[in-house]
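Undergrad: would you be able to build a 3D model of this:
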Amino acid sequence: MDISKIKNKTVKKAYEAWQNGDKKAFLSHFTSNPKLLDDGEPRDFDKFVNDACGVERFTEIEKVEDNGKAIYGPFHTESWGDFNCYFKFNLNADDKIETLEIGNTDK
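TA: Numbering: from 1, shown residues only. Predicted coordinates for the structure are as follows:
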């Protein structure tokens, strides 16, 4: 998969960790108390990471927006099947991810 489209270094490293199922590396790019929004609704960040990292993944990157902080593409899950998804990473001034927005783009 071509990840050269992801120009933001923090997001690229977090994305690679997610794709590799490396929870520890993924979490290292976040603030100590990150927020998760799933289709705009608050969700438990820790539960999401523990349940999904290493199991769910992008199968392709279709586009990257917002200076490399928003990734769109087909996403594979065991529980929900395959669908088009986005991950939007919101970073603070220290380049740590403070909010992860995820959602289905098939709606």
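Undergrad: low-confidence ranges, this protein, go.
TA: The chain contains residues with pLDDT under 70 at 107.
Undergrad: ranges for the helices of it?
TA: 9-19, 23-27, 45-52 (DSSP state H).
Undergrad: which parts of the protein are strands?
TA: 30-38, 41-43, 57-58, 63-65, 70-77, 81-91, 97-104 (DSSP state E).
Undergrad: got the angle for the first one vs helix 45-52?
TA: It stands for strand 30-38. 80 degrees (axes from the mean of the first three to the mean of the last three C-alpha atoms, to 10 degrees).
Undergrad: show residues contacting strand 30-38.
TA: For strand 30-38, the external contacting residues (C-beta atoms under 8 Å, 6 or more residues apart in numbering) are 14, 42-45, 48, 92, 96-103. (Glycine included, C-beta is placed from N, CA and C.)
Undergrad: so which of the residues you listed comes closest to Gly68?
TA: Distance to Gly68, by C-beta to C-beta, is smallest for Ala14 among the contacts of strand 30-38, at 11.2 Å.
Undergrad: residues contacting Thr77?
TA: Contacts of Thr77 by C-beta under 8 Å, 6+ apart are Ala52, Val55, Glu56, Phe83.
Undergrad: can you lay out the strands of the chain as a markdown table showing distance to Asp2?
TA: Conversion of these to a markdown table gives the following (distance: least, C-beta to C-beta, whole Å):
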| stretch | distance to Asp2 |
| --- | --- |
| strand 30-38 | 25 |
| strand 41-43 | 29 |
| strand 57-58 | 12 |
| strand 63-65 | 10 |
| strand 70-77 | 11 |
| strand 81-91 | 16 |
| strand 97-104 | 21 |
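Undergrad: which of the ones you listed sits closest to Asn20?
TA: It is, among the strands of the chain and with distance given as C-beta to C-beta, strand 57-58, at 8.9 Å.
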